[in-house]
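Colleague: quick one, what's the 3D model for this:
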Amino acid sequence: MTHPFPGGTSVSRLSVYDWPTTDGAGLVGGGTPHLHLASDEGYVVLSGAGSVQTLGPDGYAEHPLSAGTLLWFQPGVVHRLVNDGDLEILVVMSNAGLPEAGDAVMTFPADVLADAERYAAAATLPVLPALPPGAMATVASSDAATTGSAVTGTVAADMVTADTVTADAARARRDLAVEGFTVLRERVLAEGPDVPMGELYDAAARLVREKVPGWQLTWDSTVRASADRTAAALAALAVGTAPHLRDAATASTQARSGPPRYGMCGRLRTWAL
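Modeller: Numbering: from 1, shown residues only. The predicted structure is shown next:
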């Protein structure tokens, strides 16, 4: 890569989780409801069907998704992907680098959102090394969902893999966020969005406050730098010159190797942009 991807954006390919949801939403499953605080997000639906449930200043809504749908939303819109079957999405995020650095807050119950340590514990997925056959692995109950596939205690390595533990933790995280989302949606429908959404926004801002200086440095070096280059190009063009064209180049890259990672809404295949 010799120059940034257009518009200071990042892209990823998302396979929405097909794990059954605790509230029965989706024919096959769904993702983790969350919001971003500084970055816009867009969906290009590649295949499958489903919907996205949203909560925001305008209340609650459901938006159908099918192949060819283009949908986008601003920071502050809580979004929950619902999978009715084989839902695959190309995700476009503004402010490349910020979402990867934590520009997202999941809709955990209010008592978890109010406690930064509890939030971090609920949000962070375990990172476990691969173990050789016959080795023994210790899996804490906090690292596994209370689903049928979860295991705890000291077990043979062939009974549990790092992927299994991470998947169970991602599912538990999703279910906890759905719990909070359900309460928030009920409040929005009963009271209107102003108070419940305002409380969520205040809690979210407190949770990310310490990350913001790093976000500002990232944004200055990428998005702002790209905008400054465009401003300089326009200024030159306005007087009939185009020095920037003499530095034009082409770039390409491949998706990151290895299995797709566990994201908030599903398995993600990403590119280093």
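Colleague: where does this structure have its least confident helix or strand?
Modeller: When the helices and strands of the chain are scored by mean pLDDT, DSSP states H and E, strand 153-156 comes last with a mean of 45.
Colleague: show the subsequent helix or strand relative to that one.
Modeller: Scanning the chain past strand 153-156 towards its C-terminal end, the next helix or strand to appear is helix 162-191 (assignment: DSSP states H and E).
Colleague: ranges for the strands of this protein?
Modeller: Listed from the start of the chain, the chain has strands (DSSP state E) covering 10-16, 29-30, 34-35, 41-56, 59-66, 70-73, 78-93, 105-106, 136-139, 153-156, 261-262, 266-270.
Colleague: of all the ones you listed, which one comes closest to Ser221?
Modeller: The minimum distance between Ser221 and the strands of the chain falls on strand 10-16, with 14.4 Å, by Cβ to Cβ. No exception for glycine: its C-beta is placed from N, CA and C like everyone else's.
Colleague: hey, what's the nearest residue to Glu100 once chain neighbours are set aside bridged with?
Modeller: Closest residue in space to Glu100, ignoring its immediate chain neighbours: Ser10 at 7.4 Å, by Cβ to Cβ, 6 or more residues apart in numbering. Beta bridges link Ser10 to Met93 when assigned by DSSP bridges.
Colleague: so how many other residues sit close to Ser10?
Modeller: Applying the criterion other Cβ atoms under 10 Å, we find 22 residues in the vicinity of Ser10.
Colleague: pretty sure it is touching Ala101, no?
Modeller: No. Shown here, Ser10 and Ala101 do not form a contact pair, counting by Cβ atoms under 8 Å, at 11.3 Å.
Colleague: low-confidence stretches in the stretch 1-150 of the chain?
Modeller: Applying pLDDT under 70 to the stretch 1-150 of the chain flags residues 1-2, 128-150.
Colleague: let's see 80
Modeller: Across the stretch 1-150 of the chain, residues meeting the criterion (pLDDT under 80) sit at 1-2, 127-150.
Colleague: ditto for the stretch 151-273 of the chain
Modeller: Screening the stretch 151-273 of the chain residue by residue with the criterion pLDDT under 80, one finds the ranges 151-162.
Colleague: list the contacts for the residue nearest the centre of the chain?
Modeller: Ranked by distance to the mean C-alpha position of the chain (Cα atoms, centre = their mean), the top residue is Met264 at 4.7 Å. Shown here is Met264, whose contacts under the criterion Cβ atoms under 8 Å, 6 or more residues apart in numbering are 31-32, 34, 104, 106, 173-174.
Colleague: farthest pair in those?
Modeller: Taking Cβ to Cβ, the two most distant members of those are Ala104 and Arg174; they sit 13.3 Å apart.
Colleague: among these two, which residue is more densely surrounded?
Modeller: Looking at Ala104 and Arg174 with other Cβ under 10 Å, you find the greater number of neighbours at Arg174, namely 27 against 22.
Colleague: how about the nearest residue to the more buried one, chain neighbours excluded?
Modeller: In space, and not counting its chain neighbours, Arg174 is closest to Thr32: 4.2 Å by Cβ to Cβ, 6+ apart.
Colleague: next up, the contacts around that neighbour.
Modeller: Taking Cβ under 8 Å, 6+ apart, we find Thr32 in contact with 80, 106, 170, 173-174, 177-178, 264-265.
Colleague: and those, which two are the farthest apart?
Modeller: Arg80 and Ala170 (14.8 Å).
Colleague: related to what we said a few turns ago, relative to Arg206, which of the strands of the chain is closest?
Modeller: Taking Cβ to Cβ as the criterion, strand 105-106 is the member of those that comes nearest to Arg206, at 9.7 Å.
Colleague: same for the closest one, what does it pack against?
Modeller: The criterion is 3 or more Cβ pairs under 8 Å, 6 or more residues apart in numbering; DSSP states H and E, and the helices and strands that strand 105-106 contacts are strand 34-35, helix 162-191, helix 194-208.
Colleague: give me the contacts around it.
Modeller: Contacting residues not belonging to strand 105-106 are listed as 32-35, 37, 113, 122-123, 173, 176-177, 180, 203-204, 207-208, 264 [Cβ under 8 Å, 6+ apart].
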